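Asks: sequence unknown, structure follows:
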C-alpha cells in the first residue's frame, strides 16, 4: 500500500525530478506532485511524494525531514487527508441581504 508524504518549505525552483531523485534514496517513489497557484501558475512551495510502502515512507521521513535542499530546510511528514469542508478562502457573495437598504446611485 502506498503512503503519501507532505514535503514543505520547498524552493519555488524545485522540480519534480529533483524530489523523485532525493526520495528514491529511501525506496520506491510512486508519484511526485508539486501544486501550482491557480492564478499565476507558479509553484506553491510544497509538494507530495507517494512512496511504495509505509516502511519506505517512514524511512524517507527519518532521512529527509530537516535536510537541506538548496538553501531551504525540508519539512517531511505523512500527508493528512484533505478536509472536505474547509472554511475560508472563498469570497463573500454580494446581493441583497434582508434588512439592508438597496444602494441607489446618484448621477
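Replies: Arrived safely. Since the model is a prediction, treat every value here as computed from it, not as a measurement. Numbering: from 1, shown residues only.
Asks: from here on, contacts and neighbour counts on C-alpha atoms
Replies: OK.
Asks: Determine the longest helix present in the chain.
Replies: Longest helix in the chain by number of residues, with DSSP state H as the criterion: helix 54-64.
Asks: That one: which residues count as buried?
Replies: By 16 or more other C-alpha atoms under 10 Å, the buried positions in helix 54-64 come out as 56, 57, 58, 59, 60, 61, 64.
Asks: how about the strands in the chain?
Replies: 3-8, 29-33, 46-51, 68-69, 72-73, 75-78 (DSSP state E).
Asks: Same list, those, but as TSV with distance to residue 19, mean pLDDT and mean neighbour count please.
Replies: Converted to TSV, the strands of the chain look like this (distance: least, C-alpha to C-alpha, whole Å; pLDDT from 0 to 100; neighbours: other C-alpha atoms under 10 Å):
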stretch	distance to residue 19	mean pLDDT	mean neighbour count
strand 3-8	9	97	20
strand 29-33	7	98	18
strand 46-51	8	98	23
strand 68-69	9	96	14
strand 72-73	13	97	14
strand 75-78	12	97	20
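Asks: which one of the ones you listed lies closest to residue 39?
Replies: strand 46-51 (16.7 Å; C-alpha to C-alpha).
Asks: quick one, what contacts the residue lying closest to residue 42 once chain neighbours are set aside?
Replies: Nearest residue to residue 42 in three dimensions, chain neighbours excluded: residue 36, at 5.2 Å (C-alpha to C-alpha, 6 or more residues apart in numbering). By C-alpha atoms under 8 Å, 6 or more residues apart in numbering, the contact set of residue 36 is 42, 43, 44.
Asks: In terms of pLDDT, where does residue 36 sit?
Replies: pLDDT for residue 36: 95.
Asks: now swap in residue 87 and tell me
Replies: 59.
Asks: before we move on, what about residue 2?
Replies: 83.
Asks: Many thanks, I have nothing further to ask.
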